[in-house]
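Chemist: Based on what follows, work out the 3D shape:
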Amino acid sequence: MRRLRRPPRRLARPGSPPRPRPDVPALRAGPPGSPVDGLFVGLISGTSADGIDAALVRFSQHDVELLLGRTYGWDAGIRERLVALGQGGEAQSLDEIGTLDVQIGEAFAAATRKLLDEAGVGPEQVLALGSHGQTVRHRPEGARFNGQHPFTWQLGDGNLIAERTGITTVADFRRRDVAAGGHGAPLLPALHAALLHSAGEQRAVLNLGGIANFTLLPAQGQVRGFDTGPANCLLDAWCQRHTGQPYDAGGAFAARGRPDAELLARLLDDPWFMLPPPKSTGREHFHLDWLQARLSGTHAAADVQATLLELSAITIADALLAHQPDTRRVLACGGGVHNPRLLAAIGQHLPGATVESTARHGVDPDFVEAMGFAWLARQTLSGLPGNLPSVSGARGPRVLGAIFPA
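Modeler: The predicted model follows:
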C-alpha cells in the first residue's frame, strides 16, 4: 500500500507516564541503569510483502518517539517469489529457501543502512535492531490443519543482518510463542495498549495489513487481540491481476463495481471465520486460488473487487461486534488506512463507533508495526516478555526472539 512520508512525531506527552496496566509490559523495562532506553531500529515486511518498513525509534522512561520511518521496496523478482511462497506455493528446493533467507537478510540490512544514513545516525548509536523477517508459512494450528506440529516460519538471517549492520539484532520473535502453545500472533497488542489505551472509553486498534487484526482495549480489563481475516491481501492480488497495479489506490477499482451477494455469501462461508480467538492466519489460507474456487466464472472484475472490499469490512466489523460490541473508537493503522472506501465500509457496519486513523492520536499508521519490532527487541534485551497470553493463547509470558550480537 502507499506510504505517507511524515516528519518525526512524539507519541506520548513528555512527563505523562502511561496508565499502569497489570497485564501489559511497561514502556520502562528493567532495573534503573539497565541499557534499555535509547535508539532502536524496527524492521518488518508484512503479509503483502509490499516493502520493508523501517523505523528508528527512541525509547525513554515515559516516551516513545519515532525519529524516522521509511519504506524500501523489494527487488521485483524476490517479491514475486515471496508472495508465491506466502500464499501456499512450494519451494523448488532447499537451496532456494537458503538463498531467500540470505537475500532477505541482505535486503533488511540494506534498509537499515539507508535509514540510518538518512537520519544521520551511526550504527554504534543504536542499541539493537528488531527484525520480523518475511513470513513464508504460518501454521499455528498445525500442518494441514490437523493440530500436529504447529509452526510459523519467517526468513531473513539474523546473523547476516548483525554482520552487515554492526548492530545487535533480535529476530525470530514468533516461534517461542508457538512453542508455548500460542499462535505467535498478533505480537503488538501490548504496545498498542501502552500507546493508545484510554480509561475513558472502549477502544480497539485495527491493523489493516494484508491480514486484519484487532487489539481490544477495554477502558478497564484484559487486553485481547486476534486476526479477523483478509484486509488487503485479496484486494491487492485481484487488483494486480486485473489492472497491473499492486494495490487499489483509494479504492477506485472497487468503486467501479457492485458487491455480489451470492459470491459474498460463498466467501463468508469459510469455516475459519467462525473460529474463536486465539486465531491467526495469512496468505497461505486467503489467496487467489481460494478466491478462484468460489467464483462462478461470470463475475465482472470490478464487481469481484467490490465484493472483496465488502468481505474485509464485514468480517472486521462482525469480529468486533462479537468480542467487544460496546467499542466507541476504532483506531486504524497499516496500509489499508489509505483506502477511504475500506474505512467507510467498516464504519457503515459499526454505526456505534468512530473509525479513524491512529494519526489523530499522534501515532503514524504506516510505521506502528516497525516500531513494534523495535519495542520487542528492547523487551528481549531486557529479559522481559513480549507476548500477551490473553492474545496469543500461549501458556504464559515468554521472552521472544534470538539475539545475534553485533
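Chemist: three-state assignment of residue 68?
Modeler: Judged by DSSP: H, G, I helix; E, B strand; the rest coil, the three-state class of residue 68 is strand.
Chemist: Distance-wise, check it relative to residue 395.
Modeler: Using C-beta to C-beta, to the nearest Å, residue 68 is found at 38 Å from residue 395. Bear in mind the C-beta positions are built from the backbone N, C-alpha and C, glycine included.
Chemist: Pick out whichever of the two has more residues nearby.
Modeler: residue 68 (20 against 12; other C-beta atoms under 10 Å).
Chemist: how close does the more buried one get to residue 237?
Modeler: Taking C-beta to C-beta, one finds residue 68 at 30 Å from residue 237.
Chemist: so where do the strands sit in the stretch 201-350 of the chain?
Modeler: For the stretch 201-350 of the chain, applying DSSP state E, counting those that start in this stretch gives strands covering 203-208, 211-217, 224-230, 329-333.
Chemist: likewise the stretch 51-200 of the chain?
Modeler: 52-59, 64-72, 126-139, 151-155, 169-171.
Chemist: check contacts around the residue nearest to residue 400 when sequence neighbours are not counted.
Modeler: With sequence-adjacent residues excluded and distances taken as C-beta to C-beta, 6 or more residues apart in numbering, residue 400 is closest to residue 386, at 4.0 Å. Residues in contact with residue 386 (C-beta atoms under 8 Å, 6 or more residues apart in numbering) are 25, 173, 187, 190, 376, 379-380, 398-401.
Chemist: Residue 68 is in contact with residue 57, isn't it?
Modeler: No. At 9.0 Å, residue 68 does not count as touching residue 57 under the criterion of C-beta atoms under 8 Å.
Chemist: Which residues are in contact with each of the two?
Modeler: In the contact map built from C-beta under 8 Å, 6+ apart, no residue is linked to both residue 68 and residue 57.
Chemist: on that earlier part again, ok, which of the strands of the stretch 51-200 of the chain comes nearest residue 246?
Modeler: strand 64-72 (12.6 Å; C-beta to C-beta).
Chemist: Now do the helices in the stretch 301-406 of the chain.
Modeler: In the stretch 301-406 of the chain, the helices defined using DSSP state H, counting those that start in this stretch lie at 301-323, 340-349, 368-381, 389-392.
Chemist: in the second one, what's buried?
Modeler: When you say that, I think you mean helix 340-349. 341-343, 345-347, 349 (16 or more other C-beta atoms under 10 Å).
Chemist: Give me the helices and strands touching that helix, please.
Modeler: helix 301-323, strand 329-333, strand 354-357 (3 or more C-beta pairs under 8 Å, 6 or more residues apart in numbering; DSSP states H and E).
Chemist: Can you tell me which of those is packed in deepest?
Modeler: strand 329-333 (a mean of 24; mean count of other C-beta atoms under 10 Å).
Chemist: now the angle from that one to strand 211-217?
Modeler: Between strand 329-333 and strand 211-217, the angle comes out at 140 degrees (axes from the mean of the first three to the mean of the last three C-alpha atoms, to 10 degrees).
Chemist: tell me what strand 329-333 is packed against?
Modeler: Looks like strand 329-333 contacts strand 203-208, helix 340-349, strand 354-357 (3+ C-beta pairs under 8 Å, 6+ apart).
Chemist: want to try JSON lines for those, with mean pLDDT and distance to residue 254 as columns?
Modeler: Shown next, in JSON lines, are the helices and strands packed on strand 329-333 (pLDDT from 0 to 100; distance: least, C-beta to C-beta, whole Å):
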{"stretch": "strand 203-208", "mean pLDDT": "98", "distance to residue 254": "14"}
{"stretch": "helix 340-349", "mean pLDDT": "98", "distance to residue 254": "6"}
{"stretch": "strand 354-357", "mean pLDDT": "98", "distance to residue 254": "17"}
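Chemist: Figure out which of those is closest to residue 214.
Modeler: Comparing the helices and strands packed on strand 329-333 under C-beta to C-beta, the one sitting nearest is strand 203-208, at 5.3 Å.
Chemist: Can you give me the distance of the residue nearest to residue 55 when sequence neighbours are not counted to residue 180?
Modeler: Distances taken as C-beta to C-beta, 6+ apart place residue 370 nearest to residue 55, at 3.7 Å, with adjacent residues excluded. Separation of residue 370 from residue 180 (C-beta to C-beta) stands at 25 Å.
Chemist: more neighbours, these two?
Modeler: Counted by other C-beta under 10 Å, residue 370 and residue 180 do not tie: residue 370 has more neighbours, with 30 against 18.
Chemist: The more buried one reaches residue 56, doesn't it?
Modeler: No. Residue 370 lies out of contact with residue 56 (C-beta under 8 Å); the separation is 9.3 Å.
Chemist: which neighbours do the two share?
Modeler: residue 69.
Chemist: hang on, residue 173 packs against residue 156?
Modeler: No. Counting by C-beta under 8 Å, residue 173 stays clear of residue 156, with 11.4 Å between them.
Chemist: what's the overlap in contacts for those two?
Modeler: Contact criterion C-beta under 8 Å, 6+ apart; residues shared by residue 173 and residue 156: residue 132.
Chemist: What does the residue nearest to residue 400 show for phi and psi?
Modeler: phi -110, psi -10 (degrees, to the nearest 10).
Chemist: how near is it to residue 351?
Modeler: Distance from residue 386 to residue 351, counting by C-beta to C-beta: 36 Å.
Chemist: wait, what's in contact with the residue nearest to residue 178 when sequence neighbours are not counted?
Modeler: Nearest residue to residue 178 in three dimensions, chain neighbours excluded: residue 184, at 4.3 Å (C-beta to C-beta, 6+ apart). Applying C-beta under 8 Å, 6+ apart, we find residue 184 in contact with 138, 140, 152, 173-175, 177-178, 280, 392.
Chemist: if I look at residue 184, how far off is residue 197?
Modeler: Residue 184 is 23 Å from residue 197, by C-beta to C-beta.
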